[in-house]
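>>> when you get a sec, could you give me coordinates for this:
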Amino acid sequence: MEINSSPNFERKFHIKRTFRNNKKVDRKEEVAVIRSKFPNKVPVIVHRFYKETNLPQLDKSKFLVPQEITMSQFVTIIRNRMQLGSTQAFYLLVNNRSILSLSKTMAEVYSEHQDDDGFLHVTYASQEVFGSGDSGTAGP
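Residues are numbered from 1 along each chain as shown. As a prediction, the model looks like this:
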């Protein structure tokens, strides 16, 4: 008997897929409202990398960021929210893969990397997650 031939499996899969699609639709609607009220802000969702154990969770994950600030300034905002010391390195990844130039504005990053749901998804991780043993190096 194949696993995917089970009616229960198909029903569960459909429910999960529908939930995921509904969540994306809800986020699109949320972004539309945000962008109409705050046209000069970038809607950002910040996640901790799933293998991250050294950095704390943020107290919130959704941010409205002024378009004109740079990635460097955004790194400072996230660093301050995590209350990290100046010697603790961490990285911001966009779409779980791109490390960006810190001189780019949030508007530039948003226009190049926004998700289908309308948010810019940013993931943070410590350098230990990427296999570096030099934990005393200051990061972005």
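
>>> who does the spatially closest residue to F38 that is not a sequence neighbour form a beta bridge with?
Nearest residue to F38 in three dimensions, chain neighbours excluded: L64, at 5.8 Å (C-beta to C-beta, 6 or more residues apart in numbering). In this view, the C-beta of every residue, glycine as well, is placed from N, C-alpha and C. Applying DSSP bridges to L64 gives these bridge partners: P43.

>>> against which helices or strands is the strand or helix carrying L92 packed?
Applying DSSP states H and E as the criterion places L92 in strand 90-94. Applying 3 or more C-beta pairs under 8 Å, 6 or more residues apart in numbering; DSSP states H and E, we find strand 90-94 packed against helix 71-82, strand 120-126.

>>> now do that strand: distance to the chain's middle.
Distance, stretch centre to chain centre, for strand 90-94: 9 Å (C-alpha atoms, centre = their mean, to the nearest Å).

>>> what comes up buried for that strand?
For strand 90-94, the neighbour count (16 or more other C-beta atoms under 10 Å) marks 90-94 as buried.

>>> one more: stretch 60-70?
63, 65, 67, 70.

>>> what residues are up against the third one?
Under the criterion of C-beta atoms under 8 Å, 6 or more residues apart in numbering, the neighbours of Q67 are 40-42, 105-107, 110.

>>> dump the residue contacts of Y124.
46-49, 52, 55, 78, 82, 90-93.

>>> bridging residues for it?
Listed beta-bridge partners, Y124: R48, L92 (assigned using DSSP bridges).
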